[in-house]
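>>> Need a 3D model of the sequence below.
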Amino acid sequence: WVGNAWNDRISSVKVKSGYQVQLFNDINYGGAVKTVTGDTASLPDFNDKASSFKITTGTTNPPPSGSVTAPGVVSTNVGAITNGSSKTWSVSVPNAANLRLRVTSSSTLNSRSITVSFAGREIPLSFDAGQTVNVDFAGVGAGTQTLTIRATGDGVSLGRVEFVTY
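Residues are numbered from 1 along each chain as shown. Sure thing, here's the model as predicted:
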């Protein structure tokens, strides 16, 4: 419980790198929840609604870092991405290939939107709760590429992200 002074008055959150904050609509971690993984100057969809919160380390959802290999799994649980924020990975492509990026929503909300940048292309995507969306990248050359997923709306939460060949 946030106490009487802060109940239903939280409108922004600062989050130290490697941590996440879960804001709850009700006391004792009840009601609607919003997960914040970075500094958030405003909470338009959760403004003045929080009555309790939890702070956890990112051990179950570490910030992306290092290099992943394609084809292969980028992340099994990307987690929440706040509107306007991005998650980025360095992707090693050992051999030229046609790569399909499979992005699975873990959001409980429909009509979420992101932009995927990879191999010199930037592609806007929309998806519904639990939906997997495929994006094809033909003729990706061998070498290191950068994959960036940027939230372009509120309520974006992603589960598994992986590259497969096609």
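>>> Could I get the full set of helices for the protein?
Assigned helices in the chain: none (criterion: DSSP state H).
>>> quick one: Val68 from Val21, how far?
Separation of Val68 from Val21 (CB to CB, to the nearest Å): 27 Å. For the C-beta atoms, the positions are set from N, CA and C on the backbone; glycine is no exception.
>>> Over to Asn77?
From Asn77 over to Val21 the distance is 17 Å, taken as CB to CB.
>>> same check, this time on Leu109
Distance from Leu109 to Val21, by CB to CB: 19 Å.
>>> When the two are compared, which one has more neighbours?
Higher neighbour count among Leu109 and Val21: Val21, with 20 against 14, using other CB atoms under 10 Å.
>>> residues in contact with the closest residue to the more buried one other than its chain neighbours?
Using CB to CB, 6 or more residues apart in numbering and skipping the chain neighbours, the partner closest in space to Val21 is Val36 (4.8 Å). Contact partners of Val36, counting by CB atoms under 8 Å, 6 or more residues apart in numbering, are 13, 15, 20-23, 43, 80, 82.
>>> any chance of those residues in a markdown table, plus pLDDT?
Below are the contacts of Val36 laid out as a markdown table (pLDDT from 0 to 100):
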| residue | pLDDT |
| --- | --- |
| Val13 | 89 |
| Val15 | 82 |
| Gln20 | 80 |
| Val21 | 84 |
| Gln22 | 81 |
| Leu23 | 87 |
| Leu43 | 83 |
| Ala80 | 90 |
| Thr82 | 89 |
